[in-house]
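Colleague: Okay, sequence plus prediction incoming.
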Amino acid sequence: MRDMKKIVLGSLFSLFASTQALALSEIELTGELDATASVWNLPTGERGNSAFAVPSLFLNLHIPLQEDNLLVVTMEGSEQKDISPNRFDVGVREAYLDLVSFFEGMNALRAGLIPQTWQEAQYENYQYRFLGQTAWSMTEKWKYLSYSDLGVSFMSQLPHDYGEWALNLTNGEGAEEKEEGPHKEFTLFARFFKWSPWSLNLSYVRGSYDLYGADVGLKERIQGLLAYEKEDEWMVALEYLATKDPADALRDYEMADGVDVTALSGQSVRGEGASLYAVVHTGPKAEILVRYDYLNPVVGEDGKDLQTAILALGYQVTDDIKAALAVDHTKYGEEFAPGARERSKLELAAQVLF
């Protein structure tokens, strides 16, 4: 009898373990580690300073549910020395339900901590975020948009295979803020790729800051990205950005790299920016990236502009490891902010995908 119990318990345990293993085997686990080693040339007082850093560490979980629905969770670890007492912080970058079972065709509803559609689409084609903050999307590096926010999103195809579109409704304060105010933020995004190798991305974001009053509280982002890609040879892209915010929001949310807007407190300000970048393949595994970004965060004010430039030589070591040697430079207008000085560094960076 005791032997029979052992056999039954052993069989139940084996069945449980096999079903759990099957369930775990269906979960897709991927990730990315970005690491850099930098030596500064400017400011002059910091020339020769060096540092090792991990700009980003991502861990992605894609958990399949019934009827082809999906649960997506992305954890992000990054160095946050400027805003946290911890050298390395880990948090949730994305956590949402991707619901497709209610719809026919290529339609999906997302709900939860959803990614900002513009940045998600841009990073699908732009492969040099691992160089660090200077190489991020304009709206992410200058903090005009958080990468993710709590809300819902509906995504679908455009008719006649023109491309795809998405409509987001979110809190509007980003993943780091808790908002219970009456105003929400909406984003309308469209991506056109019918005319390949040309592609066009368009985005409009509109929201409101509850803190600064109805007269100046409008938040607005207008973006366009025109790209041309000749596969395995070269690609070039031009991005345009227009913004509108209360001047006090630029200060409080540390947007536009800390531009000084003290004299404009209580007013609404407009900003304009552009990014031009190109990637040229120079061999089976090597390529060159050239990128130039320009931002005028306070249109109409002299000396408040900001420019960044990157020149990088990338090399695909293996399918899952990419390395780059890069020089980046940041230049501020004469009236940008007290203490703002030109920055320049030489950087060796690596991206590891797993």
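Modeller: It's in. What you see is a predicted model; the values in this text were computed from it and never measured. Numbering: from 1, shown residues only.
Colleague: for the protein, what spans make up the helices?
Modeller: In the chain, the helices defined using DSSP state H lie at 2-25, 117-125, 138-141, 247-252.
Colleague: pretty sure residue 189 is touching residue 221, no?
Modeller: No - counting by C-beta atoms under 8 Å, residue 189 sits too far from residue 221 to count as a contact (10.9 Å). All C-beta atoms are positioned from the backbone trio N, CA, C, and that covers glycine.
Colleague: what is in contact with those two at once?
Modeller: Residues touching both residue 189 and residue 221 (C-beta atoms under 8 Å, 6 or more residues apart in numbering): residue 203.
Colleague: can you give me phi and psi for residue 305?
Modeller: phi -80, psi 170 (degrees, to the nearest 10).
Colleague: can you pull the contacts of it?
Modeller: Applying C-beta under 8 Å, 6+ apart, the residues near residue 305 are 294, 295, 296, 332, 333, 336.
Colleague: In JSON lines, list those along with pLDDT.
Modeller: Below are the contacts of residue 305 laid out as JSON lines (pLDDT from 0 to 100):
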{"residue": "294", "pLDDT": "98"}
{"residue": "295", "pLDDT": "98"}
{"residue": "296", "pLDDT": "98"}
{"residue": "332", "pLDDT": "97"}
{"residue": "333", "pLDDT": "96"}
{"residue": "336", "pLDDT": "97"}
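Colleague: Surely residue 244 touches residue 268?
Modeller: Yes - using C-beta under 8 Å, residue 244 is in contact with residue 268, at 6.4 Å.
Colleague: and for these two, which residues touch both?
Modeller: Contact criterion C-beta under 8 Å, 6+ apart; residues shared by residue 244 and residue 268: residue 218.
Colleague: What are the boundaries of the strands in the stretch 101-250 of the chain?
Modeller: 108-115, 148-157, 163-170, 185-192, 198-208, 218-230, 234-246 (DSSP state E, counting those that start in this stretch).
Colleague: For residue 128, which of these is the nearest?
Modeller: Checking the strands of the stretch 101-250 of the chain against residue 128 by C-beta to C-beta gives strand 234-246 as the closest, at 11.8 Å.
Colleague: Any buried residues in that closest one, and which?
Modeller: For strand 234-246, a neighbour-count test (16 or more other C-beta atoms under 10 Å) marks 235, 237, 239, 241, 242, 243, 244, 245, 246 as buried.
Colleague: and if you look at stretch 341-348?
Modeller: Applying 16+ other C-beta under 10 Å to stretch 341-348 flags 343, 344, 345, 347 as buried.
Colleague: which stretch among the strands of the stretch 101-250 of the chain comes nearest residue 78?
Modeller: That would be strand 148-157 among the strands of the stretch 101-250 of the chain, by C-beta to C-beta, at 13.7 Å.
Colleague: Thank you kindly, that will do.
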